[in-house]
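Student: What follows is a predicted protein model with its sequence.
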Amino acid sequence: MQRGALGDAPVVYGRYEAAYPNERWIGDVLSGPYVPFPQVADSRKAKLFLLVDDHSRLLVHGRWMSHENTRAGQVVLRQAFVKRGLPSILYLDNGSPFITAPLERTCAVLGVRLVHSKPYSPQGRGKQERLNR
């Protein structure tokens, strides 16, 4: 018997879809082009924040930001909440804009369940990753 044959069985992922709109939003941040372009000494990569509704696959909100930090995350989420209402569940990655105590407090006060995906595991955000292509 070979050592490879003793490995773990492959993981099987099932499909999941929220039962109704605004039940679950999935969020992610993408790196965009350098701004200003062409790249100069003060250029930085623009960041695209995206939120997708799990049920309808509607792009709830998207915004280009110059930084990927707590403040940028707050601005994007506030605009999304004002524009589309509150989700029941907010499913985000483990990026720096989304791993903050203020975000946890805000979600608790608003009654939004904050869930973070496993690090380096994009499978749980498949709909979001598909949109990112």
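Tutor: All right, it came through fine.
Student: Please count neighbours and contacts with C-alpha atoms only from this point.
Tutor: OK.
Student: Show the subsequent helix or strand relative to the longest helix seen in the chain.
Tutor: If you go by DSSP state H, the chain has its longest helix at helix 70-84. Past helix 70-84, further along toward the C-terminus, the next helix or strand under DSSP states H and E is strand 89-92.
Student: and the following helix or strand past that following strand, what does it pack onto?
Tutor: Toward the C-terminal end, the helix or strand that comes next after strand 89-92 (DSSP H and E) is helix 101-110. Packing partners of helix 101-110 (3 or more C-alpha pairs under 8 Å, 6 or more residues apart in numbering; DSSP states H and E): strand 113-116.
Student: check contacts around D54.
Tutor: D54 makes contact with E17, A18, P21, N22, E23, R24, W25, I26, K127, according to C-alpha atoms under 8 Å, 6 or more residues apart in numbering.
Student: Quick one: residues contacting the fifth one.
Tutor: The neighbours of E23, taking C-alpha under 8 Å, 6+ apart as the test, are D53, D54, H55, P87, S88, I89.
Student: May I see the buried residues of the strand ranked longest in the chain?
Tutor: Longest strand in the chain by number of residues (criterion: DSSP state E): strand 24-35. Buried residues in strand 24-35, counted by 16 or more other C-alpha atoms under 10 Å: R24, W25, I26, G27, D28, V29, Y34.
Student: does the second one really touch D93, like I thought?
Tutor: No: because the distance of 11.6 Å does not satisfy C-alpha atoms under 8 Å, W25 is recorded as not touching D93.
Student: about what we covered before: as a whole number, average confidence for the longest strand of the chain?
Tutor: The average pLDDT within strand 24-35 is 89.
Student: Provide the contact partners of that strand at residue level.
Tutor: Contacts to strand 24-35, defined as C-alpha under 8 Å, 6+ apart, come from residues 18, 43-55, 68, 87-93, 95, 125, 128, 132.
Student: in its sheet, what does the next helix or strand after that strand sit against?
Tutor: As assigned by DSSP H and E, the chain's next helix or strand after strand 24-35 is strand 44-53. Strand pairing for strand 44-53, using DSSP bridges, gives strand 24-35 (antiparallel), strand 59-65 (antiparallel).
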